[in-house]
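*Asks:* Give me the fold of what follows.
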Amino acid sequence: MEQARFTFQENQFFAEVQPCTPSVFNQTIDSPDVARKINTRRAVDAAIREGKPEKWLEDYYFRQFCKRQEAKQGEKFSQLTPVQKLLQWTAALKQSQPCFIFGVQEFEGTRRKQAEIRHLSGLFMFDGDHLPFDPIEIYRRTQAAGFPWRVRLAHKTSSGEGIRLVCEWRLEVGNIADCQIQLSRDLGLMGVMGTTGKPVSDDSCIDACRISYAPQRKDIYYIDETQLFNF
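*Replies:* Modelled structure (predicted):
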């Protein structure tokens, strides 16, 4: 029987939490649908930045999204600009991705709730968002001699502008928030501002139940397949 160190949801809004075995993890990161959504989001964002959003207005999936939103929101959605509609679409693409809950091994039931955590996994997440340089540079810092954190997974985020690290929790450092702060310092990111004008270190991951949207395999810089799934 496969070991499951952390948990998984096919969809964050309605799917039940289940153990994430290596088979589930690999099937997810190899999913053509996951790759399509990530690559579409990046392409649409690039087209908007380049001032060429019109190339996506006739896309089949975008048109289907607009039909659903018009049925839900009515005039409110119809009055949005094409760019605003595209941005809603890319946000929806991100939010519909399957997700991992790296911080929790087991919940009391099938709901992802802080109050129902039965066992923590010993892992925690770190996000560097909207980096002003290639995210792989952060991964390379983790490979330096003497780097004090055990990284189990490193990948580019779905925006293409960030990095997610999944590391072993260090009890001597403190709680999840303490570990994130110290890791940010050790990466040289403390106080660094991202392209949006906000700090690149995302402190929203201090919740052990925080989800991590699935990456596509080609965006993974490193994975420790043995320790990621085993204590």
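*Asks:* Need the nearest residue in space to S184, chain neighbours excluded.
*Replies:* Nearest residue to S184 in three dimensions, chain neighbours excluded: S201, at 4.4 Å (C-beta to C-beta, 6 or more residues apart in numbering). Just so you know, the C-beta spots here come from the backbone N, C-alpha and C atoms, and that holds for glycine as well.
*Asks:* list the contacts for the one you found?
*Replies:* Contacts of S201 were listed using C-beta atoms under 8 Å, 6 or more residues apart in numbering, and they are 126-129, 180, 184, 189-190, 192.
*Asks:* Buried subset of these, written for ChimeraX?
*Replies:* In ChimeraX, this line selects whichever of these come out buried by 16 or more other C-beta atoms under 10 Å:
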select :126,127,128,129,180,184,189
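*Asks:* Let me have the contacts of S201 in a markdown table, adding pLDDT and secondary structure as columns.
*Replies:* Below are the contacts of S201 laid out as a markdown table (pLDDT from 0 to 100; DSSP: H, G, I helix; E, B strand; the rest coil):
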| residue | pLDDT | secondary structure |
| --- | --- | --- |
| F126 | 93 | strand |
| D127 | 91 | strand |
| G128 | 89 | strand |
| D129 | 85 | coil |
| Q180 | 90 | helix |
| S184 | 92 | helix |
| L189 | 90 | coil |
| M190 | 84 | coil |
| V192 | 82 | coil |
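*Asks:* between the contacts of S201, which is closest to T40?
*Replies:* Comparing the contacts of S201 against T40 with C-beta to C-beta places D129 closest, at 19.9 Å.
*Asks:* contacting residues around that closest one?
*Replies:* 157, 159, 161-162, 194, 196, 198, 200-202.
*Asks:* I'd assumed I206 was in contact with A177.
*Replies:* Yes: the criterion here is C-beta atoms under 8 Å, and A177 meets it with I206 at 4.3 Å.
*Asks:* before we move on, back to that, quick check: of the contacts of D129, which has the highest neighbour count?
*Replies:* Most neighbours among these, by other C-beta atoms under 10 Å: V200, with 26 neighbours.
*Asks:* By mean pLDDT, point me to the weakest helix or strand of this protein.
*Replies:* None of the helices or strands of the chain scores lower by mean pLDDT, DSSP states H and E than strand 201-202, at a mean of 74.
*Asks:* Can you name the secondary structure element that comes next after that one?
*Replies:* strand 212-213 (DSSP states H and E).
*Asks:* Now do the same for the helix or strand that that following strand is followed by: mean pLDDT, whole number.
*Replies:* Once the chain leaves strand 212-213, the next helix or strand it forms, by DSSP H and E, is strand 220-223. Averaged across strand 220-223, pLDDT comes to 98.
*Asks:* what residues are up against the residue of the chain most remote from its centre?
*Replies:* Distance from the C-alpha centroid of the chain, by C-alpha atoms, centre = their mean, peaks at E75 (32.1 Å). With C-beta under 8 Å, 6+ apart as the criterion, no residue contacts E75.
*Asks:* Find the nearest non-adjacent residue to P19, please.
*Replies:* Spatially, and ignoring its direct neighbours in sequence, P19 is nearest to A4 (3.3 Å; C-beta to C-beta, 6+ apart).
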